[in-house]
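1. with the input below, show me the fold.
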Amino acid sequence: MSNIKLIATDLDGTLIRGYRPDCSEEAIRLMSQLVAKGVYIVPASGRQYFNLSNMFADVGGDLLYICENGALVMYGDKVVLKNSFDRELALAICHMVIDNPYCEVLISGERTCYIMPGNPEYEDHLRNGIKNDVTVVNAPEDIKEDIIKISYFVPEDKCAEVTEEFSKAVEGKCIIAVSGNEWVDFAPFGTSKGDALQAIEEKLGIPREDMAAFGDNENDRTMLQFVGHPYLMADGNPTMMDLDVPRCTSVEEELRHILESL
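-> Numbers count the residues shown, from 1 in each chain. Alright, predicted model coming up:
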C-alpha cells in the first residue's frame with residue numbers, strides 16, 4: 001500500500017460510527033500524520049463544505065473536500081467542481097418534497113443550505129446537531145444561487161414508500177440516491193463521489209490506482225468502484241455487499257496500516 005497518495009472517506013456510518021457527532025481524535029491525528037507525509041486526505045460526504053471544513057480544520061494543510069455527495073469539490077477554499085440543477089427542475093423537486101407530509105426538505109447551495117420555516121426541531125438539528133450553516137427562506141424561489149443538491153429527511157419506516165414515489169416522478173430527469181437511513185438525495189446527472197474523484201484525478205494527476213476510499217452506503221458505490229484500494233464497511237448497507245472489495249470494521253485501523261506502509 002506504499003503507493004497510496006490520496007485517501008477519500010465517507011463520514012456517517014464509515015468514519016463517524018454510532019451516534020458520535022464528529023470523527024474521533026485518533027482519526028484527526030492519523031490524518032494529520034498522513035498529510036505530513038504528502039498524502040491527500042479527502043472527506044467525501046453528503047454534508048456541506050462549511051460543515052466539513054470546520055470538522056477537519058485540525059488536520060492541517062489544504063484538504064480536498066468532496067461535498068454534497070460529489071456535487072461540489074473544494075480545495076484551498078476554491079471550487080474545483082460544481083454541478084448544478086436546471087432551475088426549473090430543482091424548484092419542481094423542492095415543491096414535491098415540501099408537499100409530502102412525511103418529509104423535510106434540505107436545499108444545498110455552495111456554502112449554505114436552505115430550509116423552509118415551521119419546524120424548529122429540524123432547524124435545531126441541522127444547526128446544532130449536524131452543525132450546518134443554515135439559511136431559512138419562505139420558498140425555494142427565494143434562493144438566488146444555483147441549487148446543487150436537494151435532500152429530504154423522512155422517517156425510516158416511510159423511506160422506502162416515499163422514495164419509490166419520488167423515483168417514479170423524477171425518472172430520467174436526475175439522480176436519486178439513499179444517503180442514510182433517513183436521508184435521500186436528488187442530484188443532477190453526472191453527480192457522484194466517483195465523478196468527483198475523476199475530476200480530482202484530472203486536476204492533480206494522481207492515478208486512481210494510487211487512491212484509497214472508505215464507504216458504507218449506495219452513495220459511496222461509484223467512489224469504491226473508482227479507486228485502486230477500496231474498503232467497504234463490514235456492517236454497511238446490505239445492498240452494497242455485491243461489491244467484491246475488502247471489508248473493514250474501522251477506518252482508523254486501516255489508516256494506521258497505510259501510515260506504517262509509507
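2. ok, which stretches of the protein are strands?
-> In the chain, strands defined by DSSP state E lie at 6-9, 40-43, 64-67, 72-75, 78-82, 104-108, 113-115, 134-136, 149-153, 175-178, 183-187, 211-215, 229-233, 247-248, listed in chain order.
3. tabulate those strands (TSV), appending distance to L34.
-> Bear in mind the C-beta positions are built from the backbone N, C-alpha and C, glycine included. As requested, the strands of the chain are arranged in TSV below (distance: least, CB to CB, whole Å):
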stretch	distance to L34
strand 6-9	7
strand 40-43	6
strand 64-67	13
strand 72-75	17
strand 78-82	20
strand 104-108	28
strand 113-115	29
strand 134-136	32
strand 149-153	28
strand 175-178	29
strand 183-187	29
strand 211-215	10
strand 229-233	13
strand 247-248	16
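4. touching the lowest-mean-pLDDT helix or strand in the chain from outside, list them.
-> For the chain, scoring each helix and strand by mean pLDDT, DSSP states H and E identifies strand 175-178 as the least confident one, at a mean of 88. Contacts with strand 175-178, where a contact means CB atoms under 8 Å, 6 or more residues apart in numbering, come from 69, 159, 163, 166-167, 170, 184-189, 191-192, 217-219, 237.
5. give me the neighbour count for L64.
-> Under the neighbour criterion other CB atoms under 10 Å, L64 is assigned a count of 21.
6. contacting residues around the nearest residue to it once chain neighbours are set aside?
-> If the residues on either side of it in the chain are set aside, L64 comes closest to V42, at 4.5 Å by CB to CB, 6 or more residues apart in numbering. Contact analysis of V42 by CB under 8 Å, 6+ apart lists L6, I7, A8, T9, L63, L64, Y65, I66, L197, I200.
7. not counting sequence-adjacent ones, nearest residue to the residue nearest in space to the middle of the chain?
-> Within the chain, the residue whose C-alpha comes closest to the C-alpha centroid is S45; the distance, by CA atoms, centre = their mean, is 1.9 Å. Nearest in space to S45, with sequence neighbours left out and distances taken as CB to CB, 6+ apart, is L11 at 4.4 Å.
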